[in-house]
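Q: heads up, no residue letters with this:
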Ligand SMILES: Nc1nc2c(ncn2[C@@H]2O[C@H](COP(=O)(O)OP(=O)(O)OP(=O)(O)O)[C@@H](O)[C@H]2O)c(=O)[nH]1
Ligand SMILES: [Zn+2]
């Protein structure tokens with residue numbers, strides 16, 4: 001490893017300069033991670049980002065390349081503390097296998113419920129900045145499904161972005177703009193972008209957004225996630241990644257595509273688990289998706305108004321005067337019901353843990369969302 005790549009030399013130079021020129025910056029390393037890592041750097045540990053985890057070991061990309069590291073020291077019996085793709089780790093500089101000593105606190109995390117009886121959350125990806133929700137324009141829009149993905153995204157702490165794929169299949173520009181508007185109404189505070197891997201429409205904008213951090217692709221099967229991933233990665237890059245012998249020891253000739261640095265900047269996490277993700281305890285997320293209902297509810301005469309037939313109900317009044325589509329209220333009720341069912345099955349301690357960790361992220365997200373909505377209204 002070159003001396004420029006060692007965390008010691010990185011921590012002695014000015015934060016910004018060193019973080020941006022760090023060999024790990026293509027993997028999302030920044031001044032904040034560097035500051036949080038400083039105590040570990042003092043102990044001679046190496047920073048690295050977890051690419052994949054299997055059977056108690058993790059592939060971690062470090063300044064010196066990919067290392068196979070053991071997670072035993074940082075994996076207690078807690079499903080939310082398990083090392084996962086996207087985590088930043090402090091790795092011992094030597095040993096076979098090298099040991100992960102610590103994980104940096106997660107900024108965001110995607111969690112899904114397991115279908116097991118104990119119904120514990122399972123961490124799918126950590127430190128994701130952008131949740132790209134792929135929705136095909138080739139089939140009829142399912143706004144309820146989009147709302148579900150939005151709730152999941154907000155709950156994780158990541159900023160959602162809706163990408164309407166296969167726009168080439170809706171050649172009529174007016175029709176396309178109506179579809180975009182429909183989704184915008186459903187997704188307050190969220191950018192909506194029509195893209196086509198066939199014509200290239202919108203791909204430069206998408207590329208610029210994902211260049212600023214770590215992204216995941218969400219969406220149902222056939223939404224066009226693989227096609228988008230390939231476009232962002234470039235076919236050549238993927239083949240190069242797979243063939244490159246990153247640690248120079250010939251051990252990892254097959255690199256998984258779980259976490260990849262994009263040629264245009266940014267990182268893409270694409271794991272099988274994330275592809276099938278559902279809704280999990282995302283009451284805060286649901287509230288954010290339906291923020292306009294929450295705002296209306298604050299004006300209801302009764303604090304515990306159920307918006308069914310109560311006098312002085314602003315939600316019902318908004319439906320009456322047409323400013324709130326009835327479909328939105330029904331969709332909100334459905335998601336809240338579904339959410340309550342999941343919550344009832346979920347270990348209370350686990351939820352406490354999640355709340356503690358991500359309340360702050362959620363609060364920031366909501367403020368940002370409110371600001372954006374405010375700007376849109378004016
Ligand atoms: N016309 C058109 N077809 C597209 C576009 N993007 C993807 N497709 C097609 O849509 C189909 C599904 O795309 P995928 O990228 O495999 O979808 P996916 O979301 O990855 O699906 P899963 O792998 O099942 O999760 C494929 O046949 C693609 O060729 C596009 O921009 N335009
Ligand atoms: Zn009401």
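A: Looks like it came in fine. Here the structure is a predicted model, which is why all the values come from computation and not from measurement. Ligands and ions are numbered 1, 2, ... in the order given.
Q: Tell me if stretch 295-312 is near ligand 2.
A: Yes. Against ligand 2, stretch 295-312 shows contacts by C-beta under 5 Å from the ion at 300, 305, 307. In short, each C-beta sits where N, CA and C put it, glycine included.
Q: What lies in contact with that stretch?
A: Contacting residues not belonging to stretch 295-312 are listed as 313, 314, 315, 316, 318, 324, 329 [C-beta atoms under 8 Å, 6 or more residues apart in numbering].
Q: mind listing what residue 71 touches?
A: Going by C-beta under 8 Å, 6+ apart, residue 71 touches 53, 56, 57, 58, 82, 83, 100.
Q: where in the chain is pLDDT low?
A: 1-20, 76-80, 112-121, 235-257, 273, 275-285, 338-378 (pLDDT under 70).
Q: Swap in 80 and give it another go.
A: Low-confidence segments of the chain, defined by pLDDT under 80, span residues 1-21, 55, 75-81, 111-122, 144, 221, 235-257, 271-289, 335-378.
Q: Those residues of it touching ligand 2, which are they?
A: Counting by C-beta under 5 Å from the ion, the chain sits next to ligand 2 at 300, 305, 307, 313, 315.
Q: want to throw these into CSV with neighbour count and secondary structure?
A: Listed next are those as CSV, based on neighbours: other C-beta atoms under 10 Å; DSSP: H, G, I helix; E, B strand; the rest coil:
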residue, neighbour count, secondary structure
300, 19, coil
305, 19, coil
307, 20, coil
313, 21, coil
315, 24, helix
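Q: got the residues of the stretch 151-300 of the chain near ligand 1?
A: Within the stretch 151-300 of the chain, the positions near ligand 1 by C-beta under 6 Å from any ligand atom are 165-166, 168-169, 196-198, 219, 221-227, 275.
Q: One more pass at 8 Å, please.
A: Proximity of the stretch 151-300 of the chain to ligand 1 is confined to 165-169, 195-199, 217, 219-230, 275 under the rule C-beta under 8 Å from any ligand atom.
Q: between the contacts of stretch 295-312, which has the most around it?
A: Among the contacts of stretch 295-312, residue 315 has the most neighbours (other C-beta atoms under 10 Å), with 24 neighbours.
Q: Can you tell me the closest non-neighbouring residue to that residue?
A: residue 307 (4.0 Å; C-beta to C-beta, 6 or more residues apart in numbering).
Q: biggest strand in the protein by residues?
A: strand 46-54 (DSSP state E).
Q: in that strand, what counts as buried?
A: 46, 47, 48, 49, 50, 51, 52, 53 (16 or more other C-beta atoms under 10 Å).
Q: Note down every partner strand of that strand and its orientation.
A: strand 57-62 (antiparallel), strand 88-91 (antiparallel) (DSSP bridges).
Q: Return the members of the contacts of residue 71 classed as buried.
A: The buried subset of those - by 16+ other C-beta under 10 Å - is 53, 57, 58, 82, 83, 100.
Q: Show me the strands in the stretch 151-300 of the chain, by range?
A: 159-165, 191-194, 214-218, 259-261, 267-269 (DSSP state E, counting those that start in this stretch).
Q: hang on, I meant the stretch 1-150 of the chain
A: Using DSSP E, counting those that start in this stretch, strands in the stretch 1-150 of the chain cover 46-54, 57-62, 65-70, 88-91, 98-103, 109-113, 121-126, 130-136.
Q: How about the contacts made by the residue lying closest to residue 186 once chain neighbours are set aside?
A: The shortest distance from residue 186 to any non-neighbouring residue, by C-beta to C-beta, 6+ apart, is to residue 143 (4.8 Å). When contacts are counted by C-beta under 8 Å, 6+ apart, residue 143 touches 182, 183, 186, 327, 331.
Q: mind checking how far the second one is from residue 173?
A: Here residue 183 is placed at a distance of 16 Å from residue 173 (C-beta to C-beta, to the nearest Å).
Q: Repeat that for the last one.
A: Remark: distance between residue 331 and residue 173 (C-beta to C-beta) = 28 Å.
Q: Also the first one?
A: Shown here: residue 182 relative to residue 173, a distance of 15 Å by C-beta to C-beta.
Q: more crowded one of the two?
A: Just comparing residue 182 and residue 173: by other C-beta under 10 Å the higher neighbour count belongs to residue 182, 15 against 10.
Q: My read is that the more buried one contacts residue 137, right?
A: No. Residue 182 lies out of contact with residue 137 (C-beta atoms under 8 Å); the separation is 11.1 Å.
Q: Can you work out which residues contact both of the two?
A: With C-beta under 8 Å, 6+ apart as the test, residue 182 and residue 137 reach no residue in common.
Q: Show me where the chain has its helices.
A: 7-12, 15-21, 31-42, 143-156, 173-186, 203-210, 225-233, 235-243, 272-275, 283-289, 291-297, 314-320, 326-345, 348-377 (DSSP state H).
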